[in-house]
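Asker: Just a sequence and a predicted model for now, questions to come.
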Amino acid sequence: MAPTSPHPTISDHDIARVLHTATGVINPVLDAVEHWDAFGIKRMTFDPRPGDDSLLGTATRALQWFTDSSGVPGTRTWEKWSVEQRTEWWVGRVGRLSTALVAYPGVFGALADRLPVQDLLGFAHQAFIICAVQRVHGVHDRFDQTDQLIAVLCDRVIDSRVVLSRTPTGDDARGVARVEKAVEVAADPHRDLSPMGLVRSVGSVVGLLRSITDVLSHRPSPRQPWRLLSALPVVGAVADYVGEQSALRRATEAAVASLRAPVRV
């Protein structure tokens, strides 16, 4: 008799449950990022006024100009942009900054490659950016978002609406307890959307994804020579950054392509 694997294959139900829950955390975070305007600077970009020459007035105009020229969601520039320009803002501008967090473990070289940290952070990172791109393209239904995340990041075709409507049985029921525990921790109905609350939300998504570790490596990942160079201490962080940024772009390009020609299941 063949030995039983200590890490059974993650079922379609488990993947759908985890990623559907993840979209329930990611979307409020993206809402907060898009709508946050504590000082009214975004609103002011639609009605720029000369103001006074005081130090405060000069600083306000400078902040207004910087916010608008950066194309932050909710500004006049953002409203004028096309879908493609908005997509590039998330992938190019936000993606370049957030990729640094994903690549940071690369400073430890080969030691980081022995741990699932890179795939865990990379998967979460790609999930956030893809969800943002989905929203730019008008996709707000969480089941539709989940199906595409599964297709792009897990290389599976699943109808999450159908899968989650069924009670898991047999192989699908094996990992339910582990997954449900992770879901319970992540699915906080009273989530705090303050800056620190948003950080905790990102952390909860990372924690949630730990319950499906076996499929995280299926995501678009860095290619050679970046994977080889990532084994070097310190230099590995730079290699990981370049490789992860390329992987993020491939992931989002695949997502956009599937939005234009969706896969039916």
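Answerer: Nice, I can see it.

Asker: Check the contact between Ile130 and Ala151; I expect there is one.
Answerer: No. The pair Ile130 and Ala151 fails to qualify as a contact (Cβ atoms under 8 Å) at a distance of 10.4 Å. From N, CA and C alone the C-beta is placed, and that goes for glycine too.

Asker: just for this structure, where's the confidence low?
Answerer: Scanning the chain for pLDDT under 70 picks out the ranges 1-8, 49-52, 104-116, 169-177, 189-190, 226-227, 230-232, 234, 262-265.

Asker: Please repeat the previous calculation with a cut-off of 80.
Answerer: 1-9, 38, 48-54, 56-57, 103-117, 167-195, 226-237, 260-265 (pLDDT under 80).

Asker: in it, which spans are helices?
Answerer: 12-35, 41-44, 55-70, 76-80, 83-88, 95-103, 110-113, 117-136, 142-154, 160-163, 176-186, 195-209, 226-229, 235-260 (DSSP state H).

Asker: give me the number of residues near the nearest residue to Asp214 once chain neighbours are set aside?
Answerer: Excluding the flanking residues, the one nearest Asp214 by Cβ to Cβ, 6 or more residues apart in numbering is Ile10, at 5.0 Å. Using other Cβ atoms under 10 Å, Ile10 has 21 neighbouring residues.

Asker: if I look at Ile10, how far off is Cys154?
Answerer: 9 Å (Cβ to Cβ, to the nearest Å).

Asker: Tell me the residues that contact both of these two, please.
Answerer: Contact criterion Cβ atoms under 8 Å, 6 or more residues apart in numbering; residues bridging Ile10 and Cys154 by contacting each: Val215.

Asker: List the buried residues for stretch 29-48?
Answerer: Within stretch 29-48, the residues that count as buried by 16 or more other Cβ atoms under 10 Å are 29-30, 32-33, 37, 41-42, 44-45.

Asker: Go through those residues and name the one nearest Ala124.
Answerer: Val29 (11.4 Å; Cβ to Cβ).

Asker: isn't that closest one right next to Val202, touching?
Answerer: Yes. Assessed by Cβ under 8 Å, Val29 is found in contact with Val202 at 6.9 Å.

Asker: okay, and the common contacts of the two?
Answerer: Phe128.

Asker: I'd like the helices of the chain written out as JSON lines, with distance to Pro220 added.
Answerer: Shown next, in JSON lines, are the helices of the chain (distance: least, Cβ to Cβ, whole Å):
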{"stretch": "helix 12-35", "distance to Pro220": "16"}
{"stretch": "helix 41-44", "distance to Pro220": "32"}
{"stretch": "helix 55-70", "distance to Pro220": "27"}
{"stretch": "helix 76-80", "distance to Pro220": "27"}
{"stretch": "helix 83-88", "distance to Pro220": "16"}
{"stretch": "helix 95-103", "distance to Pro220": "13"}
{"stretch": "helix 110-113", "distance to Pro220": "17"}
{"stretch": "helix 117-136", "distance to Pro220": "7"}
{"stretch": "helix 142-154", "distance to Pro220": "7"}
{"stretch": "helix 160-163", "distance to Pro220": "20"}
{"stretch": "helix 176-186", "distance to Pro220": "23"}
{"stretch": "helix 195-209", "distance to Pro220": "15"}
{"stretch": "helix 226-229", "distance to Pro220": "13"}
{"stretch": "helix 235-260", "distance to Pro220": "4"}
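
Asker: closest one to Leu216 among these?
Answerer: Closest among the helices of the chain, using Cβ to Cβ: helix 117-136, at 4.1 Å.

Asker: my read: Ala255 touches Val152, true?
Answerer: Yes. Between Ala255 and Val152 a contact is recorded at 5.2 Å, counting by Cβ under 8 Å.

Asker: Mind listing the shared neighbours of the two?
Answerer: Residues touching both Ala255 and Val152 (Cβ under 8 Å, 6+ apart) are Ile130.

Asker: Give me the neighbour count for the residue nearest to Phe143 when sequence neighbours are not counted.
Answerer: Leaving aside its chain neighbours, Phe143 sits nearest to Arg161 (4.4 Å; criterion: Cβ to Cβ, 6+ apart). Per other Cβ under 10 Å, the neighbour tally for Arg161 reads 16.
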